[in-house]
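Peer 1: Give me a model of this one.
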Amino acid sequence: MINFEEELKKFKPSLEVEEAEEAIYNKNLDDMTDVLQEMLKEARRVQR
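Peer 2: Predicted structure coming up:
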């Protein structure tokens, strides 16, 4: 039978997951508020 406690002690996350996580968190992504603000700025420039 599998001893889950022992298996959890041996667990090590893969480096690929850690590298991907770091890349995702360090990326500066625009949210919808940023996108809408840029659209409003552009619309105001076009109206002038």
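Peer 1: From now on I want contacts and neighbour counts done on CA atoms only, so please keep to that.
Peer 2: Noted.
Peer 1: Can you report phi and psi for D30?
Peer 2: phi -80, psi 140 (degrees, to the nearest 10).
Peer 1: Tell me how far R44 lies from K9.
Peer 2: 59 Å (Cα to Cα, to the nearest Å).
Peer 1: typo on my end, it should be V46
Peer 2: For V46, the distance to K9 - Cα to Cα - is 61 Å.
Peer 1: how much distance is there from the least confident helix or strand in the chain by mean pLDDT to the middle of the chain?
Peer 2: Within the chain, no helix or strand scores below helix 15-26, which has a mean of 80 by mean pLDDT, DSSP states H and E. The chain centroid and the centroid of helix 15-26 are separated by 9 Å under Cα atoms, centre = their mean, to the nearest Å.
Peer 1: can you pull the buried residues of that helix?
Peer 2: By neighbour count on 16 or more other Cα atoms under 10 Å, the buried set for helix 15-26 is empty.
Peer 1: Show the subsequent helix or strand relative to it.
Peer 2: helix 32-47 (DSSP states H and E).
Peer 1: taking the mean pLDDT, what do you get for that following helix?
Peer 2: In this model, helix 32-47 carries a mean pLDDT of 91.
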